[in-house]
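Colleague: below: sequence and its predicted model.
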Amino acid sequence: MFLWIMISFFYMTWNGWLFEWRECVYEGPNQRFNLDLFDLEYHRQPDGSITYVTTNNLHNIIYICHLVFLLGWVGLLFDVNWAKQGAMATMGISFGASFAPLYPSDHLYILQIVYNVVHFSGVFMGLYLFMKYRFHILKGLPAVLMTWGLYLASRVILEPWPFWSEPANAYYSVNQINDMPFYFYGLEYGVFVLAVLGVNLWIHLMIRKSRNNCWRVIAPIIAYSTLAVMVLALNLTQPPEMNLGTCP
């Protein structure tokens, strides 16, 4: 809980963003702490392209893997069964995200390091819960649907109206890495929900009769690793192309 709170404080106050850091390292004007959550600034050029001056801190805090981390510690600390099941049902999102960093050099960046802590915390708590408790898909379903709600909220909050337009009005990414499309008013996220539920069903079938704690941990690792490799192979992680106005 303490670690989650400290990360939340960091997310809300760190104004830096990955793409500027790649060009300026920590010399960029946005690589700093501030308390302005809404300082997004961009300029649309005559050719329709967008030059980005700064993102805002909400790009960090509105993050699905941060929700997975929250479900895990709430379930463990307060013995909340639906949160435990939710952490198990959504653990694969953090597991897949841990595969997502685009370049090894990104791990020198403080924000990417914090992302890694969030990802691995969710994974480790999820695996512990798989070892200790029976997995029930239906009890974990509300948490899976919560990720859908967070996805919709992030699009509405982080991008100016109309937030479903193509091309997008302004920079949008749930975690500054993957620029997920918003082609069908958020309903396209349903494909992702079905994929998560499908993998959860696969895991349930693999471990439902097992009393072997090791297998109850290994089976989710196999299932989520397979899904993560498929996502990477199909190039479903889409890094946005950005025209920066902050670095020479």
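Modeller: Received the coordinates, thanks.
Colleague: so who does the closest residue to residue 31 other than its chain neighbours touch?
Modeller: Sequence neighbours aside, residue 16 is the residue nearest to residue 31 in space, at 4.2 Å (criterion: CB to CB, 6 or more residues apart in numbering). C-betas here are computed from N, CA, C, even on glycine. By CB atoms under 8 Å, 6 or more residues apart in numbering, the contact set of residue 16 is 26, 28, 30, 31, 32, 109, 110, 111.
Colleague: so how far is stretch 3-16 off the chain centroid?
Modeller: Relative to its chain's centre, stretch 3-16 lies at 15 Å (CA atoms, centre = their mean, to the nearest Å).
Colleague: same check, this time on stretch 21-28
Modeller: 23 Å.
Colleague: repeat for stretch 105-118
Modeller: Taking CA atoms, centre = their mean, the mean C-alpha location of stretch 105-118 is offset from the chain mean by 13 Å.
Colleague: just for this protein, where's the confidence low?
Modeller: 56, 101-102, 159-183, 236-241, 248 (pLDDT under 70).
Colleague: those strands in it, which residues are they?
Modeller: In the chain, the strands defined using DSSP state E lie at 41-44, 50-54, 243-244.
Colleague: now render these as TSV, adding distance to residue 188 and mean neighbour count.
Modeller: TSV is the format used below for the strands of the chain (distance: least, CB to CB, whole Å; neighbours: other CB atoms under 10 Å):
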stretch	distance to residue 188	mean neighbour count
strand 41-44	24	14
strand 50-54	22	17
strand 243-244	25	15
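Colleague: pipe those into JSON lines and attach distance to residue 213 per row.
Modeller: JSON lines is the format used below for those (distance: least, CB to CB, whole Å):
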{"stretch": "strand 41-44", "distance to residue 213": "51"}
{"stretch": "strand 50-54", "distance to residue 213": "48"}
{"stretch": "strand 243-244", "distance to residue 213": "49"}
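Colleague: looking at those strands, which is nearest to residue 71?
Modeller: Residue 71 lies closest to strand 50-54 among the strands of the chain, at 31.0 Å (CB to CB).
Colleague: ok, and what's touching that closest one?
Modeller: By CB under 8 Å, 6+ apart, the residues outside strand 50-54 that reach it are 15, 17, 19, 29-30, 39-45, 170-171, 242-246.
Colleague: count of neighbours near the nearest residue to residue 154 once chain neighbours are set aside?
Modeller: Closest residue to residue 154 apart from its sequence neighbours, by CB to CB, 6+ apart: residue 62 at 4.3 Å. Neighbour count of residue 62, defined by other CB atoms under 10 Å: 19.
Colleague: great, nothing more from me.
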